[in-house]
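S.K.: Sequence and predicted model, in that order:
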Amino acid sequence: MNKQFSTSRTAFQLNNKPVSAELQPGQRLSSLLRETLGRRDVKIGCDAGDCGACTVLVDGLPVCACLTPAHQAEGRHVETVAGLHETDEHAKALAQSFQNHGAAQCGICTPGMMVSAVALLRDNPNPTAEDVQDGLGGVLCRCTGYRKIIDAVVGVPALATEGDGAVGTSIRRLDGDQKISGREVFGDDVAPEGCLEIFVIRSPFARAGFVFGDLEAFAQAEGIEAILTAADVPGKNRFGVIPNFMDQPVFAERETRFRGEAVAAIVASRDVISGFDPERFPVSWTELAAAGDIETAQGPDAAQLHDGHPNNVMCGGFVTCGDPLDALSNAHVTVEGHYQSGFVEHAYIEPEAGFAQMVNGRLEVHACTQAPVMDLESLAMILGMEQSRIRIVPTAVGGGFGSKLDISVQPFLALGSLKTGKPVRICYTRSESMQSSTKRHPSDIRLKIGADKAGKISGFHFLGSFDTGAYASWGPTVANRVPVHASGPYKVRDYLAQSTGIYTNNPPAGAFRGFGVPQSAIAQESLFDELAGKLDMDPLEFRILNALENGTPTVCGQVFEQGVGIRACLEALRPAWARERAAADSHNAANIGTRRGVGLAAGWYGCGNTSLPNPSTIKSGVRADGRVILHQGAMDIGQGANTVIAQIFATALGLPIDAIDLIGADTDVTPDAGKTSASRQTYVSGNAARLSGEALRASILSKMNVAADATLAIEGGSIFATDSAGRHEIKLATLPADTDAFVFRAEETYDPPTKPLDENGQGSPYAQFGYAAHLVVVEVDTDYGTVKPIKFVAAHDVGRAINPMLVEGQVHGGIAQGLGMALMEEYIPGRTENLHDYLIPTFGDIPPIETLIIEEADAHGPYGAKGLGEHVLIPTTPAILNAITYATGVRIRKVPATPARVRAAILAESS
C-alpha cells in the first residue's frame, strides 16, 4: 500500500470493473469513491479511522477508506459492499443471515460490517464468535449491541420466520435489504454532484464575545459565494423544541454560550471549502468567564445566561403524595446517598448531514431527522416563511437516540440555498458533531428512602439537579419526567421528588434514550440494594414485595387496571438470580484477584409526551392496480418502525404484508405521525395504523356488502372477499379514484388519553408505561479496577411483541448503551470530541444477552403493545453498579465507573 504517487490520475479495478479518475492532492480513497466515482454505499462516520463504517477491500484486505490515500489504489482491486452484494457468494449468504437475525438496525455501519465479514469468511469459512469479534472489531455500531451481528456471521439458527407479517411474527425488517446492500440513502448521500458546500464557523471557547471584520472583502478574496450570519436570518433567530423555551440562536449575535456554538457559515464550492482555513476567518474573540458546572452556574459571581431565569434556573418539576418526611422519620430503616453522572454523547455513527435546493420557488430540505414536521415548523419561524413554501424530505437516519430531534444542519442549509439560489450541502465533521450536538444531562441527585419492618417502602425524598447546558432543548421535558419516574415501578405512598434544570456554559443537553430517567434510576435502584441489605432481605424479593400491581396508584395517583408487568419481569429473573449468585460465590471462593458480582435493577418508562397532546396520523389507500399504499410518516431511526407499523396495519386490514407499499415521511406527502421519541411510535403511530387499517377494511367490506369476518385477497386489479356466502369480487378499475389515485382510502389519528398534572404532580401523565428488569454478571479485577460484564438476562414487558426479533434487537442495543454509560462514556468538552478519545462499547465489550419477553397486554396499545426503545437502557447501569458492589463491597456513586474510580473506591474501602 506504499506505491509512489507519480500521476494525477489513478486506474484500478472497482468491483471487478476498470475505472480511472483524476486525483486531488491528498485525496483519500473514501473521497475518491464517494465524490468522484459516486460510490455512496461507502459510508463515512468519522473520517479518522475510528468507526470503520467506510471499510472496503483492497486486494481482498479490509482497510478504512478514510485513512487510505487515494493514489494507493493504483493497479489494485477495490471492492465495496454494493459490489460484493451483487457478485460475492459470502456476501449474498451474509445478506440473508443479517436479515434473518435483525443484524442491521439504522444501517450506517452495516456496509463496514458486511465488508469486514466477507474478508473474514473468505479466510475462515467457519468462524467462532471470538473470531468475529476480532475480525469485525474495527467497526463500531451504536444500535445493535453487536450480538446479532456475531450470530449472523457465525450462522446460528435464524430468528426471522416466513409468513404474512401478522402481529406477533418475526418477519424480516422491510427496509433491511437497502441497509445491507449499501443502497440506503443517508444525509450525506443525497446531494447532487457539484453543488455548493457549507462550512460553519464555531466558537473555540465555552463563553466568548466576538466581533467580525470585513466579511464582504474576505468573501471576495477567498472566492466564497456567501457568508451567513445572524443578520441573514429573515425570521426569528431562535429555535428550540418546547414552547416558551425556544432560546437557542441559529447564529450567536454578540456572545457565544458554549464551545462549538455557530457564529457564521461560509457557502462555497467544494474546492474552496476543502482548502479553507477557519483561522483566516475575520472574527476576533474575547474569552469570558464560563460556568462549567451546576455549582459554578449558581454561584454569586456567575453570569446569567438568559433573561428571566435568575440564578440560571431553567425550570423544575415536582411530584408529591402522602407525607414523605413524616414517613421517613418513622421508618424502621433508612438509606440515603449522593449520586452523580456526567455528559454522555449520543455517538451515532452518522454525523448530521443534508442538502437543500429551491424547487419552483419552494425550499426543499433533505436531512437526517427524527421529527420532520417539527423541522418544518422551526424553519418556517426562522425563515419567516409560510410552511406551505417549505418541504422537508427526511433521509435515512444513521442513529439518533434523541439528539436528531433538535434541528442542526437544517437552518444552515435553508439559509444557504435561499441566499445563493443554488443547491447546497453540508456534513458535519465528527468533532463539530460532538461539539455542537445535544448530550445526556449530567445529574446531581440526593435521595433518601425508608422502609418498615416488613420491608415495604416508607418514605421517599428525591432532589435532583440537571445540567441543561447553554440552551433548554429538551431540558423542560427531563425536569418534568424525572419526578414522575424517580420512584421506579414500585408502590410508594409517601413521596416527594423535585428536579431542577440549570443553565451552564456547556453544550446543550437534550433528549437521549430515557429523558433523565436512567440518571434517577441509578440512585433509586442502588439505594434499594442498600435498603434490602439493612433489612436483611434478598434484593430481588425486596423489589417483588414493593412492585406496582394492577389497581395500585403510582406516585402520581394514576391507577392502571391492567398491563402493569413489573412483577412478572422481576419474577422471570428468579431462576437466573439463584443460579448466577451461586456461581459467583463459587468463583469468589476460589479466586482473589478477580471477583464476580451479580446485580439487578428494574425500571419503567411512560410512553409519549408527559400530560400533553401527542397525536399521530396515518393515511392509507388502495389503488386501481391493486396495490395497498401505507403513508407511514413515523421516522424509522433503526428501531424498526417501518416494519412494526406495517405489521400492525396489515393485521388490521387483513392482508399479507407483501401486499403493502410503504411511502415514508415527507411533509408534502405523508400526514404527521409525530416525532420519533419517548418510545411512542409502536404505541401511538401503531394505534393510528391500526385504526387506519380497520377503517380501510370497513370501507372495502361495506362496498362489497360482505360479513365483518370475511377474508380479503387482492389479485391483479380485483379485491376478493370470502365469507359464509361465498367468494365476492370487485374490479378496482371500475371505481372512481381520488387525488391520491385511491379508490379506497382511510386516514385516522390516535392521541393517547392523558390528564394534566396538578400542583402536586397528581394526574395521568401517560396512557401506558413499559416495564423492565435486568440481571448482570460482572467480573472485577480488583488490582486494576476493570469491570467486565460477562452475561445479561433482561426481562421486558412489551405488552405484545409485534415482532419478537426486533424486540430482541432493541433490548441488545439499549443494554449496550447502558453499559457504556455505566463503565466508559464520559464527554468532556474540548477533550473527548472524537470517537478515539470518547469511548463507546465495541464487539469485545458486550457479553451474551438472554432476552425474556413478557407480554402483559396494555389496555390502550395496538393489540396490547407497549413502547420499548427507552425502557431498555434504564435498568442497565444500576444493575452493573449493584453487581460491582456484590463483587467488591464498594459502592460507586458517580458514573462512569472507570477503572480509576473503581480502583480508588476499593483502596479507600481497604484503608
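M.R.: Good, I have the coordinates.

S.K.: Need phi/psi at the spatially most central residue of the chain.
M.R.: Closest residue to the average C-alpha location of the chain: residue 401 at 1.6 Å, with CA atoms, centre = their mean. When read as degrees, to the nearest 10, the backbone of residue 401 gives phi 60, psi 20.

S.K.: and what of residue 743?
M.R.: phi -100, psi -20.

S.K.: helix/strand/coil for residue 453?
M.R.: Three-state call for residue 453 (DSSP: H, G, I helix; E, B strand; the rest coil): coil.

S.K.: Tell me, how many residues neighbour it?
M.R.: Residues contacting residue 453 under the criterion other CB atoms under 10 Å number 10. For the C-beta atoms, the positions are set from N, CA and C on the backbone; glycine is no exception.

S.K.: so who does it touch?
M.R.: Taking CB atoms under 8 Å, 6 or more residues apart in numbering as the contact definition, residue 453 lies against residue 332.

S.K.: Pop out the phi and psi values for it.
M.R.: Torsion angles, degrees, to the nearest 10, at residue 453: phi -60, psi -30.

S.K.: in the stretch 51-200 of the chain, which spans are strands?
M.R.: Here the stretch 51-200 of the chain has its strands, by DSSP state E, counting those that start in this stretch, at 55-58, 61-64, 77-79, 196-202.

S.K.: ok now do the residue sitting furthest away from the middle of the chain, which residues does it touch?
M.R.: Of all residues in the chain, residue 725 has its C-alpha farthest from the mean position, at 50.2 Å, by CA atoms, centre = their mean. By CB under 8 Å, 6+ apart, residue 725 lies in contact with 706, 707.

S.K.: Let me know which of the strands of the stretch 51-200 of the chain is tucked in deepest.
M.R.: strand 55-58 (a mean of 25; mean count of other CB atoms under 10 Å).

S.K.: Sheet-wise, list the partners of that one with their directions.
M.R.: Paired neighbours of strand 55-58 in the sheet (DSSP bridges): strand 61-64 (antiparallel), strand 77-79 (antiparallel).

S.K.: can you list these in a markdown table and add mean pLDDT and distance to residue 276?
M.R.: A markdown table is the format used below for the strands paired with strand 55-58 (pLDDT from 0 to 100; distance: least, CB to CB, whole Å):
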| stretch | mean pLDDT | distance to residue 276 |
| --- | --- | --- |
| strand 61-64 | 98 | 24 |
| strand 77-79 | 98 | 29 |
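
S.K.: now for the helix or strand residue 703 falls within, which elements pack on it?
M.R.: Secondary-structure assignment from DSSP states H and E places residue 703 in helix 686-704. With contacts taken as 3 or more CB pairs under 8 Å, 6 or more residues apart in numbering; DSSP states H and E, helix 686-704 sits against strand 616-623, strand 628-631, helix 641-653, strand 718-723, strand 726-731, strand 742-750.

S.K.: contact partners of the second one?
M.R.: For strand 628-631, contacts defined as CB under 8 Å, 6+ apart pick out 618-623, 645-646, 649, 653, 655, 659-663, 669-671, 689, 692, 696, 714, 740, 742.

S.K.: where do the helices sit along the stretch 201-350 of the chain?
M.R.: 215-222, 270-274, 294-297, 324-329 (DSSP state H, counting those that start in this stretch).

S.K.: which of those sits most buried?
M.R.: Mean neighbour counts for those (mean count of other CB under 10 Å) peak at helix 294-297, with a mean of 19.

S.K.: average pLDDT for it?
M.R.: For helix 294-297, the mean pLDDT works out to 98.

S.K.: and the residue farthest from the centre of the chain, how far is that from residue 47?
M.R.: Plainly put, residue 725 is 66 Å away from residue 47 if you go by CB to CB, to the nearest Å.
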